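In: just to be clear, the model below is a prediction. Sequence and coordinates:
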Amino acid sequence: MRPTGGSEARYSYRNIKPDERILERYHDIGPSSTERPDAFFRRVTMSGLYIDSHCHLNPEHFPEGADPAIARAHEAGVSHLMVVGGNVASSADAVRTARSHERDGVYAVVGVHPHEASSVTSELPEDLLALARDKSVRAIGETGLDYYYDHSPREAQLSVLSMHLEWARKENLPLVFHVRDAYDDMLAVLRNEGSGLTGVIHCFSGTWEHAAAFLDMGYFLSFSGPVTYAKNEALRSIAARVPDDRILCETDSPYLSPSRPRGKRNDPANVVEVYEIVAGVRGIPVEEFAVRVRENAFRLFHLEENADV
């Protein structure tokens, strides 16, 4: 069933039932040694196969509240969402959203975005540090370096990034990194200060050389809407090469909508298109790819099955 090109070929596996496809690959895609095939199938399908490993559901972008977006995601087969903050206020919003959906596979990520780095003085605010101790929080971020917009001075970005590395080490949590036009500096920081840490480069947009360097250090790479754009063959070629155990998918909603809803507000439900495209370039059925990504997200973020499954 390897896709051979074109949208019809890419989605040709859809005439095969997901349960048949998953159970056929049961021994290859990660159940525990004692897990029965029927239990494995139920575990990965009852609440949906897909995970949106990075989304923003802040009130300024979703004035109707996060609940409708989460409901749409579940209807689309997205079982888990990582809701990400970028400052104290949005991080607190992420925690509140996760708390109110603790049975629905919603988790929080807290931190200061590099755009906001200039708001931090000598240390991270105590209100922010306290959020990481909430049981809904499974990662620190998004932190990193953005030399494209330079909304904060680069010195401030580097300083706040270092604070996040120490914070993650103290809390024993993975990191979510934002990197734009700053891959060489980010790699240098992680080589010098990142010993013993793990995390994901969200919305990866670098070269294969950058990708290989992050992978060599044990980090994950996550792909979002741009990988679906017709002219982005270079990014798709990288997505095709990332090892099975190191790849994630995301929306970065409300930003970076994939091709079909491009130009509209992005929604966690749209992550399914990202999975479809990346699975296509990797030459495997989307259900199989989704299970592999699911296992990666569970391992990195220490997720749990939804309470109602």
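Out: Okay, I see it. Numbering: from 1, shown residues only.

In: contacting residues around the closest residue to R265 other than its chain neighbours?
Out: Counting by C-beta to C-beta, 6 or more residues apart in numbering, P254 is the residue found nearest to R265 once chain neighbours are left out, at 4.6 Å. For every residue, glycine as well, the C-beta is placed using N, CA and C. By C-beta atoms under 8 Å, 6 or more residues apart in numbering, the residues touching P254 are H56, H61, F62, R265, N266, D267.

In: distance check, the first one against A117.
Out: For H56, the distance to A117 under the criterion C-beta to C-beta, to the nearest Å works out to 17 Å.

In: go on, the last one?
Out: As defined by C-beta to C-beta, D267 lies at a distance of 28 Å from A117.

In: repeat that for the third one.
Out: Relative to A117, F62 is positioned 25 Å away (criterion: C-beta to C-beta).

In: quick one on the thing from earlier: what about D267 and A117, which has more around it?
Out: A117 (26 against 22; other C-beta atoms under 10 Å).

In: distance of that one relative to L124?
Out: 11 Å.

In: quick check: neighbours shared by these two?
Out: V160.

In: where exactly do the strands run in the chain?
Out: 50-55, 78-84, 106-110, 137-146, 175-180, 199-201, 220-223, 247-249 (DSSP state E).

In: in TSV: those, plus mean pLDDT, distance to N306 and mean neighbour count.
Out: Listed next are the strands of the chain as TSV, based on pLDDT from 0 to 100; distance: least, C-beta to C-beta, whole Å; neighbours: other C-beta atoms under 10 Å:
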stretch	mean pLDDT	distance to N306	mean neighbour count
strand 50-55	98	11	29
strand 78-84	97	6	28
strand 106-110	98	9	29
strand 137-146	98	14	26
strand 175-180	98	21	26
strand 199-201	98	22	28
strand 220-223	98	21	26
strand 247-249	98	19	27
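
In: now those in CSV, with distance to I277?
Out: Listed next are the strands of the chain as CSV, based on distance: least, C-beta to C-beta, whole Å:
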stretch, distance to I277
strand 50-55, 13
strand 78-84, 16
strand 106-110, 24
strand 137-146, 23
strand 175-180, 21
strand 199-201, 19
strand 220-223, 9
strand 247-249, 9
